[in-house]
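Student: Sharing a sequence plus its predicted fold:
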Amino acid sequence: MLSSKIKAVFGDLAVDKRIASKSEFTMLPRYVIENLASRFVEKFGDDYASKLQGFISKYYHEAKEREKILSDLMKFDNIKIIDEVRVETDIHRQTYRAHLENLTLRDCMIDLEIIEEHENLLITGMWGLVTLKYAIDIVPKDREGNPLMTPVLITDFQPFQCSFTDLGLFREARDEFTFDEWLDVLINTLGLNPKVYDRRQKLVLLTRLIPLVERNSNLIEFGPRATGKTYLYRNSTYYTRIFAGGNVSPAVLFYNIARKTLGEIGVKDAVIFDEISKIKFSNPHEMVGKLKDYMESGQYERGPKKAASGCSIIFMGNVSVERDETGKFVPVEELTYILPDEMRDSALIDRIHGIIPGWELPKISKSGYHLAKGYGIASDYFCEIMHEMRKLSYMHIIDQEVELSGDYSIREERAVKKVASGLFKLLIPNESFSKSELKIIMDVATEYRKRVNDWLHILEPGEFPKKRFEYDVRG
């Protein structure tokens with residue numbers, strides 16, 4: 001049984017994925033619930049569920065309870081809550097400002113030892129059990145006596161996220177599984193039931209992760225609603241920023257000139273534009289121009305700031321589908337018109353490395369059927385593994401083992417190799433592969449870029465003729 005094998009290979013890093021799917025826990029991210037559940041199972045055994053429910057009920061509070069929490073803090077001097085803490089460095093005042101994201105409480109004070117012990121508070125923010133103290137007596141004040149920070153001090157922090165990354169363990173674990181078993185391990189890890197999907201659909205699902213493991217990879221996915229697009233990015237990593245429709249400004253995305261702070265592209269592993277048709281750019285010409293420059297070079301400028309980043313870009317659009325004569329689902333809308341007007345630009349589309357055919361995936365409708373039923377890798381550990389793999393490049397393996405043939409431009413060749421490198425990291429992290437496995441990866445990489453070329457040919461047939469994207473595996 002695969003679950004037993006996963007437990008034997010990954011030990012404490014193997015998690016029963018059914019836990020995080022329980023509806024009573026959905027107020028917290030999947031990786032937080034999995035981390036907590038593992039601790040409670042170890043401590044309470046089969047009685048963990050009720051104990052965990054009680055713990056969350058006691059310490060987790062919704063944002064609407066903010067004023068009651070602050071009132072209790074003033075009354076009792078100390079309280080504990082479950083929240084996500086992010087910390088900013090205030091270099092001008094030589095201090096730190098902590099923000100409680102769920103409680104929407106900003107500019108709190110924080111014990112310096114906590115920051116030294118948990119550096120990710122400064123990078124991504126972390127969920128945990130937070131001890132707060134009402135500290136009106138030590139809050140810094142300006143010359144007029146006005147407080148410069150919120151009179152709340154974080155005195156203790158117990159993280160609910162993985163505190164280490166052992167990439168070697170992950171790579172060695174791959175040796176213990178066949179190719180198809182490893183596909184199921186990863187699908188289970190994402191919280192989905194591998195029995196629902198055929199091999200092709202599993203590969204399509206896993207290509208969603210390519211931007212999370214491969215720097216500066218740009219993908220777009222079109223598919224119907226409820227296939228798990230947003231669910232995957234929200235629950236598998238905390239190194240992303242999701243823009244779900246609405247207005248996006250250059251200050252938020254690239255660089256805030258007034259605050260002198262990097263935008264999301266400067267600090268995240270991937271930025272996701274969900275429901276792209278509903279995205280509004282506050283300055284469309286500047287935004288699209290900077291996006292094109294960044295997607296090509298990995299660098300951007302805004303005002304006095306010049307910066308480089310490895311952040312990947314993901315666009316997601318909802319599309320209507322129907323069955324074709326072979327019974328497969330295909331999109332029935334022209335893809336161009338799913339994009340907002342300012343993005344219907346062939347130069348921007350040409351910078352997309354591949355199109356994920358999300359229309360091939362079934363809708364996730366029944367939790368008892370579509371969600372994982374067995375063990376997978378702990379989500380917080382897997383998140384850190386994906387983040388760590390961004391520092392590696394497997395492109396040299398593609399160069400050594402594959403010869404591209406056809407009508408590739410430099411941009412197209414780079415796109416195919418990026419998609420192939422990212423998928424290789426996910427499927428063959430131990431670098432031990434067969435010729436047939438490498439062909440599976442290359443088939444996906446060339447198909448995804450060919451789909452971009454076909455789209456461009458429809459838009460501007462004179463500038464973008466139809467091409468052959470072929471390859472040969474050496475040896």
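Tutor: All right, it came through fine.
Student: can you pull the buried residues of the one helix or strand M316 maps to?
Tutor: Secondary structure assignment for M316, by DSSP states H and E: strand 312-318. Going by neighbour count (16 or more other C-beta atoms under 10 Å), the buried part of strand 312-318 is 312-318. Every C-beta, even on glycine, is put in place using the N, C-alpha and C of the backbone.
Student: and if you look at stretch 341-349?
Tutor: Across stretch 341-349, burial judged by 16+ other C-beta under 10 Å covers 342-343, 345, 348-349.
Student: will you turn the residues you listed into CSV that also has distance to L219, pLDDT and secondary structure?
Tutor: Shown next, in CSV, are the buried residues of stretch 341-349 (distance: C-beta to C-beta, whole Å; pLDDT from 0 to 100; DSSP: H, G, I helix; E, B strand; the rest coil):
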residue, distance to L219, pLDDT, secondary structure
E342, 20, 91, helix
M343, 15, 94, helix
D345, 17, 95, coil
L348, 14, 97, helix
I349, 12, 97, helix
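Student: what about the strands in the stretch 51-200 of the chain?
Tutor: Using DSSP state E, counting those that start in this stretch, the strands found in the stretch 51-200 of the chain span residues 78-90, 95-100, 105-110, 126-134, 152-159.
Student: hmm, back to that, which of the buried residues of strand 312-318 lies closest to L335?
Tutor: G317 (7.6 Å; C-beta to C-beta).
Student: low pLDDT regions in the stretch 51-200 of the chain?
Tutor: Scanning the stretch 51-200 of the chain with the threshold set as pLDDT under 70 gives 163-164.
Student: Any idea how many residues pack against the closest residue to W182 other than its chain neighbours?
Tutor: Leaving aside its chain neighbours, W182 sits nearest to R174 (6.2 Å; criterion: C-beta to C-beta, 6 or more residues apart in numbering). Using other C-beta atoms under 10 Å, R174 has 18 neighbouring residues.
Student: which residues of the stretch 301-450 of the chain fall in strands?
Tutor: Using DSSP E, counting those that start in this stretch, strands in the stretch 301-450 of the chain cover 305-308, 312-318, 321-323, 329-331, 354-357, 375-377, 402-406.
Student: Arrange those in JSON lines, one row each, with distance to Q53 and mean pLDDT as further columns.
Tutor: Putting these into JSON lines (distance: least, C-beta to C-beta, whole Å; pLDDT from 0 to 100) gives the following:
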{"stretch": "strand 305-308", "distance to Q53": "45", "mean pLDDT": "95"}
{"stretch": "strand 312-318", "distance to Q53": "33", "mean pLDDT": "96"}
{"stretch": "strand 321-323", "distance to Q53": "39", "mean pLDDT": "89"}
{"stretch": "strand 329-331", "distance to Q53": "39", "mean pLDDT": "88"}
{"stretch": "strand 354-357", "distance to Q53": "37", "mean pLDDT": "98"}
{"stretch": "strand 375-377", "distance to Q53": "21", "mean pLDDT": "94"}
{"stretch": "strand 402-406", "distance to Q53": "51", "mean pLDDT": "92"}
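Student: Against Y381, how distant is L122?
Tutor: Relative to Y381, L122 is positioned 21 Å away (C-beta to C-beta, to the nearest Å).
Student: out of the two, which sits in the busier spot?
Tutor: Comparing L122 with Y381 by other C-beta under 10 Å, the one with more neighbours is Y381, at 26 against 14.
Student: who's sitting farthest from the centroid in this protein?
Tutor: Centroid-distance maximum for the chain: E144 at 44.9 Å, with C-alpha atoms, centre = their mean.
Student: Phi first, then psi, for that one.
Tutor: As for E144, its main-chain torsions (degrees, to the nearest 10) stand at phi -90, psi 0.
Student: In contact with the residue nearest to T261 when sequence neighbours are not counted: list those residues for me.
Tutor: Distances taken as C-beta to C-beta, 6+ apart put Y255 closest to T261, at 7.4 Å, once the chain neighbours are dropped. Y255 makes contact with 261-263, 266, 300, 302-303, 305, 307, according to C-beta atoms under 8 Å, 6 or more residues apart in numbering.
Student: Ok, I19 next?
Tutor: Per C-beta under 8 Å, 6+ apart, neighbours of I19: 25, 33-34, 37, 49.
Student: Ramachandran coordinates for it?
Tutor: The phi/psi pair for I19 (degrees, to the nearest 10) is phi -60, psi -50.
Student: Then F222?
Tutor: Note on F222: backbone dihedrals following degrees, to the nearest 10 are phi -120, psi 130.
Student: List the beta-bridge partners for it.
Tutor: G317, P357 (DSSP bridges).
Student: so can I have JSON lines of the buried residues of strand 312-318 showing distance to T150?
Tutor: Compiled in JSON lines, the buried residues of strand 312-318 are given as follows (distance: C-beta to C-beta, whole Å):
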{"residue": "S312", "distance to T150": "35"}
{"residue": "I313", "distance to T150": "35"}
{"residue": "I314", "distance to T150": "35"}
{"residue": "F315", "distance to T150": "38"}
{"residue": "M316", "distance to T150": "36"}
{"residue": "G317", "distance to T150": "40"}
{"residue": "N318", "distance to T150": "40"}
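Student: I398: which of the residues you listed is nearest?
Tutor: Comparing those against I398 with C-beta to C-beta places S312 closest, at 17.9 Å.
Student: ok, and the closest non-adjacent residue to that closest one?
Tutor: The shortest distance from S312 to any non-neighbouring residue, by C-beta to C-beta, 6+ apart, is to P211 (3.3 Å).
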